[in-house]
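**Student:** Test case, fold it:
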Amino acid sequence: MTELLKPQRDALIGELIEQEPDLVERCRKLDELGRLFERDVKEAKAATVNALHEGRSWNQVGELLGVSGSRAEQISRAAR
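**Tutor:** Now for the predicted structure:
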């Protein structure tokens, strides 16, 4: 699983590194990229879990994801 989207991640990070010669600013931009990814992934995951919930109980969604129903519901609200 650690190789998921590795070429795309490497390309994005490599492009940022190539375009920012100032090491302090590069570090700031890498931090911001990490925060953006974290937020965007949470939002996408919440939307996906909400889609799974359509026609299913939270317990059923939790079972599909290998978590409790209450945890599945928490994930669905993570981006709010």
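**Student:** Dead centre of the chain: give me the residue that sits there.
**Tutor:** When Cα atoms, centre = their mean is applied to the chain, the residue found nearest the centroid is residue 41 (2.0 Å).
**Student:** Any chance of the backbone angles for it?
**Tutor:** Main-chain dihedrals, residue 41, degrees, to the nearest 10: phi -70, psi -40.
**Student:** That one: what's it in contact with?
**Tutor:** Counting by Cβ atoms under 8 Å, 6 or more residues apart in numbering, residue 41 makes contact with nothing. In this view, the C-beta of every residue, glycine as well, is placed from N, C-alpha and C.
**Student:** For it, give me the pLDDT.
**Tutor:** Listed pLDDT for residue 41 reads 92.
**Student:** can you check residue 3 too?
**Tutor:** You'll see residue 3 listed with a pLDDT of 84.
**Student:** Could you give the number of residues near it?
**Tutor:** By other Cβ atoms under 10 Å, 7 other residues sit near residue 3.
**Student:** secondary structure element for it?
**Tutor:** Counting by DSSP states H and E, no helix or strand carries residue 3.
**Student:** quick one on the thing from earlier: state the distance from the residue nearest to the centre of the chain to residue 75.
**Tutor:** 11 Å (Cβ to Cβ, to the nearest Å).
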